[in-house]
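Q: 3D, please:
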Amino acid sequence: MLEQVDDNIWIAEGTCVDFHGLPYPTRSVVVRLSGGRLWIWSPIALTTELQAAVEALGTVGWLISPNKIHHLFLGDWKAAYPGAEIWGPRSTAEKRTDLPFTGTLDDGMPEAWHGTFEMAHMQGSLVMDELVFFHQPSRTTILADLSENFSDDFLRKNWKPWQRWLARVAGVVEGKAKTPLDWRMSFWQRSKARRARDVILSWQTERVIMAHGTWQREGGQAFLRRVLSWLD
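A: Residues are numbered from 1 along each chain as shown. Okay, here's the model as predicted:
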């Protein structure tokens with residue numbers, strides 16, 4: 001259920017969810033911090049097998065929504081781990097008023113994350129914002145929807161021909177891995193986005209994990225420059 005990426009960082013692959021009629025694969029990142037507490041980014045559907053695998057690593061301490069789209073399974077994880085804290089951008093907390101958010105990350109991270117993570121807040125869009133994380137020990141940057149990198153094999157198995165054509169036009173296919181076109185077009189305050197981009201590109205990224213599509217095991221710095229080139 002879990003694939004180890006490096007020391008104290010794993011990914012979990014979930015089932016597809018429906019997003020505007022399109023099947024989207026899901027992926028979560030699990031990081032073990034000092035003391036054995038686990039940081040769960042973009043929780044996927046919680047199965048018995050996944051729960052056992054996660055609990056073998058440590059105690060679930062934090063549940064993180066990187067943007068207001070990535071919230072579907074927060075409630076299930078909170079029910080399973082009532083002691084876990086829920087964190088995310090203010091936009092997610094305002095959308096999910098039914099969930100007991102410990103706080104929002106717009107003004108910075110909890111002290112317990114410092115020394116393990118750096119964070120950038122991508123803003124400037126009329127419709128969405130996103131928190132981007134850098135796991136310092138493994139030099140891994142974690143994106144939600146700022147890059148979508150669907151392989152041809154996945155698209156042929158799951159999307160109709162006209163949908164695959166749209167994916168190519170939008171540039172969310174392997175080899176391009178762009179931010180979705182509709183989101184790019186919604187950035188009217190690009191100076192804010194460029195500030196976040198500059199922070200992200202200052203990290204010495206080795207690998208990039210995103211929620212949707214083929215993640216990058218090497219060459220992360222060059223990959224991020226290409227992904228964010230629309231802000232040049």
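Q: now do the helices in this protein.
A: Along the chain, the stretches classed as helices by DSSP state H are 48-55, 74-80, 90-95, 152-158, 161-170, 181-185, 190-202, 220-227.
Q: which residue is nearest the middle of the protein?
A: Compute the mean C-alpha point of the chain, and by C-alpha atoms, centre = their mean the closest residue is A144, 2.8 Å away.
Q: show the pLDDT at that one.
A: As predicted, A144 sits at a pLDDT of 96.
Q: which parts of the protein are strands?
A: 2-6, 9-19, 22-32, 37-41, 59-64, 85-88, 101-104, 117-122, 130-135, 140-143, 207-210 (DSSP state E).
Q: so what are the sheet partners of the second one and their directions?
A: Spelled out, that is strand 9-19. Strand pairing for strand 9-19, using DSSP bridges, gives strand 2-6 (antiparallel), strand 22-32 (antiparallel).
Q: coming back round to it: thought the residue nearest to the centre of the chain was touching S42?
A: Yes - using C-beta atoms under 8 Å, A144 makes contact with S42 at a distance of 6.2 Å. From N, CA and C alone the C-beta is placed, and that goes for glycine too.
Q: what is in contact with the two at once?
A: Common neighbours of A144 and S42, using C-beta atoms under 8 Å, 6 or more residues apart in numbering, are 66, 70, 211.
Q: what's the spacing between T97 and K78?
A: Using C-beta to C-beta, to the nearest Å, T97 is found at 14 Å from K78.
Q: the two: who's more crowded?
A: Taking neighbours as other C-beta atoms under 10 Å, T97 and K78 compare with K78 leading, 18 against 8.
Q: got the end-to-end distance for stretch 148-168?
A: Stretch 148-168 has an end-to-end distance of 11 Å (criterion: C-alpha to C-alpha, to the nearest Å).
Q: could you list the buried residues of that stretch?
A: 148-150, 154-155, 159, 164, 167 (16 or more other C-beta atoms under 10 Å).
Q: what distance do you get for the nearest residue to T15 once chain neighbours are set aside to D152?
A: Excluding its sequence neighbours, the residue lying closest to T15 (C-beta to C-beta, 6 or more residues apart in numbering) is A45, at 6.0 Å. Relative to D152, A45 is positioned 25 Å away (C-beta to C-beta).
Q: OK, contacts around L231?
A: 187, 190, 193-194, 197.
Q: for P180, same thing?
A: 145, 148, 170, 172.
Q: the third one touches W183, doesn't it?
A: Translated: A170. No - in this structure A170 lies outside contact range of W183 using C-beta under 8 Å: 9.6 Å.
Q: settle this for me: F117 is touching P137, isn't it.
A: No - assessed by C-beta under 8 Å, F117 is found out of contact with P137, at 9.7 Å.
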